[in-house]
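S.K.: Okay, sequence plus prediction incoming.
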Number of protein chains: 2
Amino acid sequence: MRHPDIHSQPLSKAIKTTRAASVLDGYAVEEQVGFLMRRANQRHTAIFLDGMVAAELTPTQFTALIKVVELGRVTQNHLGRLAAMDPATIQGVVRRLLDRDLVTRTDDPLDRRTIVLAPTQVGLTLAAQAVVAARRITEATLDPLTPEERRQLLSLLHKLC
Amino acid sequence: MRHPDIHSQPLSKAIKTTRAASVLDGYAVEEQVGFLMRRANQRHTAIFLDGMVAAELTPTQFTALIKVVELGRVTQNHLGRLAAMDPATIQGVVRRLLDRDLVTRTDDPLDRRTIVLAPTQVGLTLAAQAVVAARRITEATLDPLTPEERRQLLSLLHKLC
DNA sequence: TAAGGATCATTTGCACAGGAATGAGCTGGC
DNA sequence: GCCAGCTCATTCCTGTGCAAATGATCCTTA
C-alpha cells in the first residue's frame, strides 16, 4: 500500500483542525462584547425602522431632529457633537432633513462659517409623532429584560461611553 | 389689544419653548437604549480599529476571518449567518478577504450555486496575530467595568439578541 | 494689525448595513 | 419527470460612520 490515499483526507483534516484550534486558542468571537453589541444594535435598528415606518426616520435622522426641536436653534457642528456624529456624517443627515422640510438652515451674520438649523412646523409635528413611536421602540427593544435588568443595562452602557 | 406686536417676539419664543417641551414631553434621546448602544459601539469600533492597525482588519472582516479559520470550509451564505451579516454585506467582506489572499474560494461540485471558502496559510497566520490583538481590544473596551459588571453586560446583551 | 492656529462646513474615499430585484441552481410534492 | 418554491450569490440603492483634505472664516497673540 504505497499510496494510502484512503487516509489522506482524514489526516489533513486532523491537521487543519489542530491548526484552527491552536490559531484561535479558545477564542470564541460570538462571545465577545463587540460581536454581541453589533448584534444587539442590529436587532434594535430593525425594531426602530419597523416602528418608525410612518415617520420614515432612521435612528440618526430621528436623533438629529429631536435635538433640533429640543434646542430650537443650533449650528450644524454643535448638533453633530450632541447627536454623536462627526461633521461628515451630520452633513448628510441634515441634508436629508432639509430635503423633507423638517428643518430650516439660515446663515448666522455673527459667524459666517456656521449654519443655524431650526425646526419647521412640519418638523415639530413629525417629531411629536416620532417620539410616541420611539417610546414603543425602546419598550420593544428592552422587552426581553426585567425592569431591574433594564436599569443595569443603561447604567453599564453609560459607563462604556 | 388687536395688534400686540410689542409682545410678539417673546410670546412666539415662549410658544416655541412650550412647543418643544410639549412635543418632546420629557423624552431624552441621549438616555435611550438605542442612542447609548450606538455610542458604546462607536467607542468599541474606535478601540478595535486602533488595536487592529497591524492586522488591518475591520470588526466584520475579523469576525468573518475567524469563523472561516474555525470552520475550515464554509459556504459564503452560511458564513454570513454565523457572522451575523446579510448576503449583500458578507459578499463585500469576503471580497476584501479574497483580495488580500486571506481566504480562498472554490466551487462546490455538489451544489453549483454555492461558493466554498477556506483559510489560506497567510489567513491562518494573520488570524493568530489578530486574536492576540482582539483579546486586548475586548479588555480595553470593558476596562471601565468591574469583572462582575462585565459578566452582567455580556449576559444582558445575550438576552437582547 | 498681521500671522498662526483654531473652528466650521464640505467633499472624497472606503467600509459596513440592509432592502429589493435578479438569475442560476436545487428540491420536494404531485 | 416536472414544476413551484426555495436557496445561493450578486448587484443596485440608500444610509450611516470615519479619516483626510480643502477653503472660508474667526480668534488670539505678539
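M.R.: Arrived safely.
S.K.: A:Arg95 and A:Asp107: what is the separation?
M.R.: According to CB to CB, to the nearest Å, A:Arg95 stands 16 Å off from A:Asp107. Bear in mind the C-beta positions are built from the backbone N, C-alpha and C, glycine included.
S.K.: Stretch A:139-157 close to DNA strand D?
M.R.: No: judged by CB under 7 Å from any atom of the strand, stretch A:139-157 and DNA strand D are separated, with a smallest distance of 14.5 Å.
S.K.: end-to-end on that stretch?
M.R.: Chord length of stretch A:139-157, first to last residue, is 17 Å (CA to CA, to the nearest Å).
S.K.: List the buried residues of that stretch.
M.R.: Buried residues in stretch A:139-157, counted by 16 or more other CB atoms under 10 Å in any protein chain shown: A:Thr141, A:Leu142, A:Leu145, A:Glu149, A:Arg150, A:Gln152, A:Leu153, A:Leu154, A:Leu156, A:Leu157.
S.K.: Can you tell me which of the residues you listed lies closest to chain B?
M.R.: Using CB to the nearest CB, A:Leu157 comes nearest to chain B of those, at 3.9 Å.
S.K.: The host helix or strand of the closest one versus helix B:147-159: what angle between them?
M.R.: Assigning secondary structure by DSSP states H and E places A:Leu157 in helix A:147-159. Relative orientation of helix A:147-159 versus helix B:147-159 (axes from the mean of the first three to the mean of the last three CA atoms, to 10 degrees): 110 degrees.
S.K.: hmm, helix A:147-159 in reach of chain B?
M.R.: Yes: counting by CB under 8 Å from any CB of the partner chain, chain B has neighbours in helix A:147-159: A:Glu149, A:Arg150, A:Gln152, A:Leu153, A:Leu154, A:Leu156, A:Leu157, A:His158, A:Lys159.
S.K.: Surely the first one and B:Leu153 touch.
M.R.: In other words, A:Glu149. No: using CB atoms under 8 Å, A:Glu149 is not in contact with B:Leu153; the gap is 10.9 Å.
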